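>>> Provided below for reference: sequence and predicted model.
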Amino acid sequence: MASTRYSIVVADRTTGVVRRFTVPLRPVLAAVVLVLSLPILIGLGARWSATSAIDELAASNVLLEMENASYREATEQLATQIATLQNAVDELGVRAVVDPEAGRAMEKLPAAVRSRAMGGGTALSVPPATIGPLDQSFGALRDVLGAIESRLDTVRTGVERRQALAAATPSIWPVAGWLSSAYGNRRDPFTGGPDFHPGLDISANHGEAVFATGSGAVSTASVNGAYGNLVVIDHGFGLTTRYGHLSRFNVMAGQQVSRGDVIGFVGSTGRSTSPHLHYEILVNGRLTNPLKLLTAR
């Protein structure tokens, strides 16, 4: 079927010229529909583009929220780890302080004895700093903090052993009295001949309390020949003390004692001429002059 056509007549009144234009209906309607629908299509396209951009932004926002939550959790963990390390450092600072007199006595011990308490430990190894993604930076920080924490464990062990050595070092006078015979060569009080005295004789009233000069375990509390009633304390680290001529015991073998605990009482048992305490110190099984370690009475 032929397309419907319309004619448009244009007349010029001045000249009388008439012009006729024939226009098919369908193309004209199509053009009109196209012109009218173009803004609608443009709007729909813009809406689709905006919707797509919004969807992308929403997905990106979800990812950012997940990353932020992960970083927030990592930051909280790092903050907790740092606070723990700070507390450990503060604790070590307090625990590293030893009694000044015990510290001075400890420094007079042979190097071989002190080295048993110092311990070892590798130097702190810190990973090299690198610039990279944030998660890699967090990982590097965790490695650094882990290395510091490991080193602190080593230091803590060293501090604990140093504290143990300070507590074990015989550093106080074992009894309140006066020194009647020093360590070394002397004249034997019984025979008058030359004699080597392996410790100190501290004269005191009968029944005066005798104190452990350092922390340790009682290895002997019994009668022992010329020593009479004898208490021997093993302080560890190769340190041993002997307390002789006691009138009676206040401890038994196997008992743990601390510096200042009463272990017995002054007497004159064994080879003795009067009430006093015979006091010896052995370092790695060898006698040493107790005056080198004694500090305050």
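Looks like it came in fine.
>>> any idea which helix or strand comes after the helix of greatest length in the chain?
Secondary structure of the chain read by DSSP state H shows that its longest helix is helix 25-95. Once the chain leaves helix 25-95, the next helix or strand it forms, by DSSP states H and E, is helix 100-107.
>>> who's in contact with that following helix?
For helix 100-107, the external contacting residues (C-beta atoms under 8 Å, 6 or more residues apart in numbering) are 98, 114, 165-167, 169-172, 259, 293-296. Where C-beta positions appear, they are placed from N, C-alpha and C, glycine not excepted.
>>> tell me how far that helix lies from the chain's centre.
Distance of helix 100-107 from its chain centroid, counting by C-alpha atoms, centre = their mean, to the nearest Å, is 25 Å.
>>> what residues of that helix count as buried?
102, 103, 105, 106 (16 or more other C-beta atoms under 10 Å).
>>> so which of those comes closest to residue 34?
For the buried residues of helix 100-107, the residue nearest residue 34 by C-beta to C-beta is residue 103; the value is 99.8 Å.
>>> got a list of what residue 217 touches?
233, 234, 254, 255, 256, 257.
>>> sec struct for it, please.
strand (DSSP: H, G, I helix; E, B strand; the rest coil).
>>> how far away is it from residue 181?
28 Å (C-beta to C-beta, to the nearest Å).
>>> that older thread, average pLDDT for the longest helix of the chain, rounded please.
For helix 25-95, the mean pLDDT works out to 72.
>>> can you check stretch 216-227 too?
96.
>>> can you give me how far it is from the chain middle?
40 Å.
>>> return the set of buried residues in that stretch.
216, 218, 220, 221, 224, 227.
>>> and the host helix or strand of residue 167, what's its mean pLDDT?
Using DSSP H and E, residue 167 sits within helix 134-168. Per-residue pLDDT values over helix 134-168 give a mean of 72.
>>> which SSE is immediately downstream of it?
Following helix 134-168 in sequence, per DSSP H and E, is strand 178-181.
>>> mind listing the strands that following strand pairs with, and their directions?
When pairing is defined by DSSP bridges, strand 178-181 lines up against strand 200-203 (antiparallel).
>>> put the alpha carbons of the partner strand into CSV.
Output of strand 200-203 as CSV, limited to C-alpha atoms (Å, rounded to 0.1, in the frame of the first residue of the first chain):
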residue,chain,number,x,y,z
LEU,A,200,85.9,-16.2,110.3
ASP,A,201,85.3,-16.6,114.0
ILE,A,202,82.7,-14.2,115.2
SER,A,203,82.3,-14.1,119.0
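>>> what lies in contact with it?
By C-beta under 8 Å, 6+ apart, strand 200-203 touches 173-175, 177-183, 274-280, 290-291.
>>> then stretch 174-182?
Contacts of stretch 174-182 (C-beta under 8 Å, 6+ apart): 189, 197, 200-205, 208-213, 241, 243, 266, 276-277, 279, 291, 297.
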